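Asks: I'd like to go over a predicted model; first the sequence, then the structure.
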Amino acid sequence: MNRWITATLVAAVVVLAGSSASASAAAPPLGASIGSIDASTVDGAVPYGQGHAIPLKAARPAWFTKRLAARVDAANGAPVAAPNDAPLPGWIGIRPGSWMIAPAGCTMNFIFGSPGSYSIGTAGHCAGNGAEVTLLTLAPGGANPVLVEVGTVQRSVDRGIGNDFAIVSIRPELQSWVSPTTAIVAGPCGSYGGTGPEAVFHYGHGLAVGTGGTPRAGVALTWRTDAFGWSGVAAFGDSGSPVRVNTGMQAAGDLTHLVVDTNWLPSFIAGTRIGRMVQIAGAPLANSPLC
């Protein structure tokens, strides 16, 4: 395949042009014609098929200093006030779409298990086995953002598109913070096992296209056994995002990679399907009580 991404893949170009780990340059507006970018030179790109796959995790934010990280770790799950330069989250508690700050800048996906023993997912490349995961959120009943070390990664699988997921246990004292309902876009209501095409939504914290949480629509045309792909908008920091189909609000899977391979066109965002995620989690998907 030609390794060059052109402006015809608008969302992919925006991802690579404006959402590097440093995020120092402002992204061009959607639809801008900015020429061609060699996907193989992007940090984290790995060979995939006839092209490359790029995991969409971001670096930890600069305001999350080592000193602040040590305070959060010492708090052992108690909330720590976020600094003034931290963004304001748009949701409460621990839920699909929550914002991971450490060990990387990523997004949490669906809730698994049952009340009192909930866990939460993210992308496997965002957090390895045994990692402590810190979220930026609003405490129930609170108005100011807090940082909370939510729990430990119990199992992380990072083996590329269709096999990229991690399950994070949630501390017993934080179980009351959990809601299975996806922030803003609602659901999930069961698991999607079809083959599309389907309109989909994901909710993430990608740099340049909605840091802090923005629901984004797309169309999923590529459905494989454990992987799926769609066309839409994504950026570094969206890794782990929950993706659900629009009809019936069923969980489709998670967002993990930008894929630059002609075998996936017209899809160029990809992830792991919900069935494989449930296998790795070893626990059932928790449905929204709004279903």
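Replies: Nice, thanks for sending it over.
Asks: Quick check: L68 touching P83?
Replies: Yes: the criterion here is Cβ atoms under 8 Å, and L68 meets it with P83 at 6.9 Å. Glycine gets a C-beta too; all of them are placed from N, C-alpha and C.
Asks: of these two, who's got more company?
Replies: L68 (19 against 12; other Cβ atoms under 10 Å).
Asks: just checking, the more buried one is part of a helix?
Replies: Yes: L68: assigned to a helix according to DSSP: H, G, I helix; E, B strand; the rest coil.
Asks: For it, which residues are in contact?
Replies: Taking Cβ atoms under 8 Å, 6 or more residues apart in numbering as the criterion, L68 is in contact with V80, P83, L147.
Asks: Among those residues, which are located in helices?
Replies: With helices taken from DSSP state H, there is no overlap with those.
Asks: Now I280: which helix or strand?
Replies: helix 274-281 (DSSP states H and E).
Asks: Other residues contacting that helix?
Replies: By Cβ under 8 Å, 6+ apart, the residues outside helix 274-281 that reach it are 109-110, 112-113, 119, 121, 155, 157, 162-163, 165-167, 191-193, 226, 251-254, 284-285.
Asks: buried ones in stretch 115-132?
Replies: For stretch 115-132, a neighbour-count test (16 or more other Cβ atoms under 10 Å) marks Y118, S119, I120, G121, T122, A123, G124, H125, C126, A127, A131, E132 as buried.
Asks: can you check stretch 235-248 too?
Replies: Neighbour-count burial for stretch 235-248 [16+ other Cβ under 10 Å]: A235, F236, G237, D238, S239, G240, S241, P242, V243, R244, V245, N246.
Asks: Tell me the one of those nearest R171?
Replies: Nearest to R171 among these, counting by Cβ to Cβ, is G240 at 19.1 Å.
Asks: how near is R155 to I280?
Replies: Distance of R155 to I280, given as Cβ to Cβ, to the nearest Å: 6 Å.
Asks: list residues touching both of those two?
Replies: With contacts taken as Cβ under 8 Å, 6+ apart, R155 and I280 have A166, I167 as neighbours in common.
Asks: Neighbour count for the two, which is higher?
Replies: Per other Cβ under 10 Å, whichever of R155 and I280 has more neighbours is I280, with 20 against 16.
Asks: out of the contacts of helix 274-281, which are buried?
Replies: 109-110, 112-113, 119, 121, 155, 157, 162-163, 165-167, 191-192, 226, 251-254, 285.
Asks: Among those, which ones are in strands?
Replies: F112, S119, G121, R155, V157, F165, A166, I167, A251, A252, G253, D254 (DSSP state E).
Asks: Would you check which pair of these lies furthest apart?
Replies: R155 and A252 (20.9 Å).
Asks: just the strands in the stretch 1-150 of the chain please.
Replies: For the stretch 1-150 of the chain, the strands defined by DSSP state E, counting those that start in this stretch cover 4-5, 37-38, 46-48, 51-55, 80-81, 99-102, 106-107, 111-112, 119-122, 132-138, 145-158.
Asks: tell me the mean pLDDT for stretch 261-273?
Replies: For stretch 261-273, mean pLDDT rounds to 92.
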